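Peer 1: Prediction below, plus the sequence it came from.
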Amino acid sequence: MTGASPTTADVRRWRRYLADERAEAAVYRDLAGRRTGEEREILLALAEAEGRHERHWLELLGDRVGAPMRGDLRTRVLGFFARRFGSVFVLALAQRAEARSPYASERDATPAMAADERIHEEVVRGLAARGRTRLSGTFRAAVFGANDGLVSNLALVAGVSASGIAPSAVLLTGLAGLLAGALSMGAGEYVSVRSQLELVRASEPDPDARAAVAHLDVDANELALVYRARGMGEAEAAERAGRVLGGSGPATPDEARGEHDTIGTAFGAAAASFGFFASGAVIPILPHLVGISGVLALAIAAALVGIALLLTGAVVGLLSGGPPVRRALRQLAIGFGAAAATYLLGLLFGTATG
């Protein structure tokens, strides 16, 4: 910004940035209130950084600050979830919010502010990765179970309905598919996760080897937070950040993955897989359970399954940091594609045996 007086558009934009910085700082403080230890410290450090950005816009505005403004809709929604849940879901949303920072192209933001926002995205990504890792085994089993139940039982019901068998036989087939699939998913998930855990434990390093890491007190700005969020201890993260800023170390945050990785429990994954498969598989047979049959039952089942697929796809997209709408539509297309193929095969089978 030059010495010229700011325009009305400049003042309006600065006030918007100020409101967003205040709202984002509040989100991090709310999240910190639900955390303890290192995660709490990291979140409070992020809130302090947003406070520095807030002061920058206050200085530019001077006596033109005006009445406090509310943050944008995305930030307010994020704050709502942070105050009530404080989960990995909120961190995933915060990661997406940091990725949308306009400071890289904002002429009135300092280069340090733009760099901070890029670093904040990595810090939040690391914190979200901790939560994703903690629930990865159970969540993976739950998502796969629910989607398998939705798609496989819809395809099964659609196929046997198209073949022209009696409505009672369609319901019986759907119930059999639900039970057989849920039991198979639960047993398979238990064996899979248990085997994976045993392999990982056999390859774990001796924890005493980490005692040799030097304890240094290096002022390395916020880059150290990235390494701490990825699992390093405070001293080790400061050492790595100091070497990176000094040009003698790798700058890849992915190298700082620590001992927080876990796969989940075999029993938890099996139970989640069984329960979510059953909850998904019951949806396609709901119309038959209440006495509806024929094409109407199939249409209602498809609509219900479509809504469920869109919801699960959107949740997976949000938690993975990807675009939720694209993930939801992809889930819907895959599910309906499988059901349509089975329906066509059922029609062919019914015609051939009719």
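Peer 2: Right, received. Where do you want to start? Residues are numbered from 1 along each chain as shown.
Peer 1: so which strand or helix has the residue nearest to Leu329 when sequence neighbours are not counted?
Peer 2: Using Cβ to Cβ, 6 or more residues apart in numbering and skipping residues adjacent in sequence, the residue nearest Leu329 is Gly313, 7.2 Å away. C-beta coordinates here come from the backbone N, C-alpha and C atoms, glycine included. In this structure, Gly313 sits in helix 294-320 according to DSSP states H and E.
Peer 1: got it, and Ser5?
Peer 2: Using DSSP H and E, Ser5 sits in no helix or strand.
Peer 1: Can you check the pLDDT for it?
Peer 2: Confidence at Ser5, expressed as pLDDT, is 81.
Peer 1: can you count the residues close to it?
Peer 2: Ser5 sits with 7 neighbouring residues when counted by other Cβ atoms under 10 Å.
Peer 1: cool, Arg70 as well?
Peer 2: 12.
Peer 1: So Met69, which state does it fall into?
Peer 2: With DSSP: H, G, I helix; E, B strand; the rest coil as the basis, the three-state label of Met69 is coil.
Peer 1: That one and Ile42, how far apart?
Peer 2: Relative to Ile42, Met69 is positioned 28 Å away (Cβ to Cβ, to the nearest Å).
Peer 1: do the same with Gly149
Peer 2: Remark: distance between Gly149 and Ile42 (Cβ to Cβ) = 38 Å.
Peer 1: between those two, who's got more neighbours?
Peer 2: For Gly149 against Ile42, the residue with the higher neighbour count under other Cβ under 10 Å is Gly149, and the figures read 29 against 24.
Peer 1: measure that one to Leu91 for me?
Peer 2: Counting by Cβ to Cβ, the gap between Gly149 and Leu91 amounts to 28 Å.
Peer 1: re earlier: now for the helix holding Gly313, which elements pack on it?
Peer 2: Under the contact criterion of 3 or more Cβ pairs under 8 Å, 6 or more residues apart in numbering; DSSP states H and E, the helices and strands touching helix 294-320 comprise helix 88-99, helix 111-162, helix 167-202, helix 286-289, helix 324-353.
Peer 1: list the buried ones in the third one?
Peer 2: In this case it means helix 167-202. Of all the residues in helix 167-202, those buried under the rule 16 or more other Cβ atoms under 10 Å are 170-171, 173-175, 177-178, 181-182, 185-186, 189-190, 192-194, 197.
Peer 1: going on from it, what's the next piece of helix or strand?
Peer 2: Reading on from helix 167-202 to the C-terminus, the next helix or strand found by DSSP H and E is helix 223-229.
Peer 1: hang on, the residue nearest to Leu329 packs against Leu332?
Peer 2: Yes: at 6.7 Å, Gly313 counts as touching Leu332 under the criterion of Cβ atoms under 8 Å.
Peer 1: coming back round to it: figure out which of the helices and strands packed on helix 294-320 is closest to Leu298.
Peer 2: With Cβ to Cβ, the closest approach to Leu298 among the helices and strands packed on helix 294-320 belongs to helix 111-162: 5.3 Å.
Peer 1: Can you spell out the domain ranges of this protein, please?
Peer 2: Recorded structural domains for the chain (assignment: automatic domain parsing) are 8-131, 135-204+261-353.
Peer 1: just so I know, which of those lies nearest Arg228?
Peer 2: When these are ranked by distance to Arg228, counting by Cβ to Cβ, first place goes to domain 8-131 at 6.1 Å.
Peer 1: pLDDT averaged over that closest one, what's the number?
Peer 2: Rounded mean pLDDT across domain 8-131 is 83.
Peer 1: for that domain, the distance to its chain's centre please.
Peer 2: Relative to the mean C-alpha coordinate of its chain, domain 8-131 is positioned 19 Å out (Cα atoms, centre = their mean, to the nearest Å).
Peer 1: which stretches of the stretch 101-250 of the chain aren't confidently modelled?
Peer 2: Counting by pLDDT under 70, the stretch 101-250 of the chain contains low-confidence residues at 131-141, 198-223, 244-250.
Peer 1: what do you get if the cut-off is 50, keeping everything else the same?
Peer 2: With pLDDT under 50 as the threshold, the stretch 101-250 of the chain has low-confidence stretches at 205-206, 209-220.
Peer 1: How many neighbouring residues does Val295 have?
Peer 2: The number of residues near Val295, taken as other Cβ under 10 Å, comes to 9.
Peer 1: hmm, back to that, now render the helices and strands packed on helix 294-320 as a markdown table, adding distance to His53.
Peer 2: Putting the helices and strands packed on helix 294-320 into a markdown table (distance: least, Cβ to Cβ, whole Å) gives the following:
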| stretch | distance to His53 |
| --- | --- |
| helix 88-99 | 12 |
| helix 111-162 | 5 |
| helix 167-202 | 41 |
| helix 286-289 | 51 |
| helix 324-353 | 27 |
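Peer 1: and Glu50, which of those is closest to it?
Peer 2: The stretch from these with the least distance to Glu50 (Cβ to Cβ) is helix 111-162; that distance is 8.2 Å.
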